[in-house]
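Engineer: Just to be clear, the model below is a prediction. Sequence and coordinates:
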Amino acid sequence: MAQIITYPKLSTLANNDLLIVSDVSSKNKNTNSVELQTLASFIITSTSGITGSGTLNTIAMFTPDGQSIGDSVITQDALGQGVTIDGNLEITATNTLTVETIQAQGTGAVYLLGGVQIGDAPGDILNIFSETAFFGKIKDSTFSTGTAGQILVSNATSNVEWADIADISGSVTGSGTTDTIPIWTDGPNGVLGDSIITYDDTSIPIITIGPQPSRLVVDGDLTVRNRASFAGPYARFSCPIEDTSNSPGTTGQVLTSTVTGVAWDDATDIVSGAVAKLIPFNVTASPGGSSVYNADNNIVEISWTTGNGIYVLILPTATGSNAYRNIRFVTNGTFPGGASHKIEITALPGETVDGAAFFEISKTYEGVSLWSNGTEWIVIQAKAH
């Protein structure tokens, strides 16, 4: 056999290239061939050799088989000024961990199960929590965990310390009685105490103002949805008072009971012996026109314009706040004679006027007075020329 040095050299190796080896472990000391791939695997296994590959600027780790190197979740900046952890950081050390700067970004969590000191000199960057942070014990700059009920505040030396709420400017102290609305008894020092207003919700919710003499001053709107009792020497109102239908009424009207609520009404409708003044609501009718009457006036004066025809004037509902209301409708001197110009005073669907859908007036100086019994309109007086 020629010497090995005389054989030509291979410039490129392949896994299935063969080598000649002597099997010294066999009985007959055989000479065999072996592939380069088999030899490479034997070298790695017998010498605990490490293989693998990775990504630039990514810190390496053992992959799950423990025999090769791959990428971890930690990357290093190209200039080496910091690392990024693309996942959770869990620190289970029982001793203190000192971290000069932690900046938690993204949605990952940071678990610090030991003591943590962040920065140790003025100007250090503090921890930034963009997600939820959970704390066991927190110590202030004097290494105190504080006492129950204390809060963490900044002091004059730019440190933090535990302090009682009562010692903090702007905090609220004081005591009061159950179901009593509080007031400032010492406003500048943040002290609350009892006012003269109590609340009782044991049966019908009631707000009581007392003891006497007392006064309730309201600078804005006062809405009472249940019951108000004024037992003082007087009640003063400097703002509009609305009835059950949220109407403030018109000049000269008085507040009257409707059994289920209150309503503003013309004084002449309810006050015996008063000078009768009915302020009209004016309607100008024309052929083929219509309108819905929802004003608070209890008399409607009707004028006419242009040619012959029918004008429909729709009544308000006879129910609710209009129960027991009396409305008068009259035509004036602009209304032509001849009965060719007609006003149909029409009830809402489901309601009637004297049992009919409408009541008609068609003459100059004609009128009709309608009264609601709470469900329908009834003609109590009609006038014609």
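Structural biologist: Great, that's in hand.
Engineer: What are the phi and psi values at T45?
Structural biologist: Torsion angles at T45 (phi, psi; degrees, to the nearest 10) stand at phi -70, psi -40.
Engineer: can you count the residues close to it?
Structural biologist: A total of 10 residues lie near T45 under the criterion other Cβ atoms under 10 Å. C-beta: built from backbone N, CA, C; applies to glycine.
Engineer: How about the contacts made by it?
Structural biologist: By Cβ atoms under 8 Å, 6 or more residues apart in numbering, no residues touch T45.
Engineer: do you know how far it is from Q67?
Structural biologist: 8 Å (Cβ to Cβ, to the nearest Å).
Engineer: which residues of this structure score low on pLDDT?
Structural biologist: 1, 81, 88-133, 169-170, 201-236, 268-276 (pLDDT under 70).
Engineer: Quickly list the domain ranges of it.
Structural biologist: 172-239, 281-383 (automatic domain parsing).
Engineer: First-to-last residue distance for the last one?
Structural biologist: Spelled out, that is domain 281-383. One end of domain 281-383 to the other measures 19 Å (Cα to Cα, to the nearest Å).
Engineer: Wasn't I5 part of a strand?
Structural biologist: No. I5: not assigned to a strand; according to DSSP: H, G, I helix; E, B strand; the rest coil it is helix.
Engineer: Could you number the chain from 58 rather than 1 from now on?
Structural biologist: New numbering, starting at 58: the last item is I62.
Engineer: that older thread, so which of the domains of the chain is the most packed in?
Structural biologist: With neighbours taken as mean count of other Cβ atoms under 10 Å, the domains of the chain reach their highest mean count in domain 338-440, at a mean of 17.
Engineer: any idea how far that domain is from the chain center?
Structural biologist: 48 Å (Cα atoms, centre = their mean, to the nearest Å).
Engineer: cool, and stretch 300-314?
Structural biologist: 35 Å.
Engineer: which residues are contacting it?
Structural biologist: 297-299, 315, 317-324, 327-328, 334, 336, 353-354, 377-378.
Engineer: List buried residues within these.
Structural biologist: If you count burial by 16 or more other Cβ atoms under 10 Å, the buried members of those come out as 315, 319-323, 353-354, 378.
Engineer: Nearest to A439 among these?
Structural biologist: Comparing those against A439 with Cβ to Cβ places N354 closest, at 19.7 Å.
Engineer: Could you verify my assumption that the closest one touches V340?
Structural biologist: No. Assessed by Cβ atoms under 8 Å, N354 is found out of contact with V340, at 10.6 Å.
Engineer: Helices along the chain, start to end?
Structural biologist: 93-104, 324-327 (DSSP state H).
Engineer: Please identify the deepest-packed of those.
Structural biologist: Taking mean count of other Cβ under 10 Å, helix 324-327 is the most buried of those, at a mean of 15.
Engineer: List the beta-bridge partners for E218.
Structural biologist: V210 (DSSP bridges).
Engineer: For F415, list the residues it contacts.
Structural biologist: With Cβ under 8 Å, 6+ apart, F415 has these contacts: 369, 401-404.
Engineer: which ones among these are found in strands?
Structural biologist: 369, 401-403 (DSSP state E).
Engineer: Out of the residues you listed, name the two that are farthest from one another.
Structural biologist: Every pair of the ones in strands among the contacts of F415 checked by Cβ to Cβ; the farthest is V369 and I402, at 8.6 Å.
Engineer: to the chain's geometric centre, what's the distance from stretch 247-255?
Structural biologist: 29 Å.
Engineer: could I get it in PDB with only the CA atoms?
Structural biologist: Coordinates of each C-alpha in stretch 247-255 appear next as PDB, following Å, rounded to 0.1, in the frame of the first residue of the first chain:
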ATOM      1  CA  GLY A 247     -59.700  69.900  56.500                       C
ATOM      2  CA  VAL A 248     -62.000  69.000  59.400                       C
ATOM      3  CA  LEU A 249     -65.500  67.700  58.700                       C
ATOM      4  CA  GLY A 250     -68.400  67.500  61.200                       C
ATOM      5  CA  ASP A 251     -72.300  67.200  61.300                       C
ATOM      6  CA  SER A 252     -74.500  69.600  59.400                       C
ATOM      7  CA  ILE A 253     -78.200  70.200  60.300                       C
ATOM      8  CA  ILE A 254     -79.300  68.000  57.400                       C
ATOM      9  CA  THR A 255     -80.100  64.400  58.100                       C
END
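Engineer: so where do the strands sit in the stretch 308-442 of the chain?
Structural biologist: 310-314, 319-323, 338-342, 347-349, 356-361, 366-371, 383-388, 398-403, 415-418, 424-429, 434-440 (DSSP state E, counting those that start in this stretch).
Engineer: Give me the sheet partners of the fourth one and which way each runs.
Structural biologist: Looking at strand 347-349 with DSSP bridges, its paired strands and their directions are strand 366-371 (parallel).
Engineer: what's the distance between the closest residue to S378 other than its chain neighbours and D322?
Structural biologist: Once flanking residues are discounted, S378 sits nearest to S302: 4.1 Å by Cβ to Cβ, 6 or more residues apart in numbering. In this view, S302 and D322 are 12 Å apart by Cβ to Cβ.
Engineer: same question, I61
Structural biologist: Counting by Cβ to Cβ, the gap from I61 to D322 is 128 Å.
Engineer: do the same with I100
Structural biologist: 110 Å.
Engineer: With T199 instead?
Structural biologist: 74 Å.
Engineer: same question, P337
Structural biologist: 16 Å.
Engineer: Need the buried ones among the contacts of stretch 300-314 in CSV (columns: distance to N72).
Structural biologist: CSV is the format used below for the buried ones among the contacts of stretch 300-314 (distance: Cβ to Cβ, whole Å):
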residue, distance to N72
T315, 103
V319, 102
A320, 102
W321, 103
D322, 108
D323, 111
D353, 103
N354, 107
S378, 99
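Engineer: out of those residues, which one sits closest to P65?
Structural biologist: S378 (116.0 Å).
Engineer: Please tell me I have it right and the closest one contacts W321.
Structural biologist: No. Using Cβ under 8 Å, S378 makes no contact with W321, being 9.4 Å away.
Engineer: which residues pair with I126 across the strands?
Structural biologist: G109, F119.
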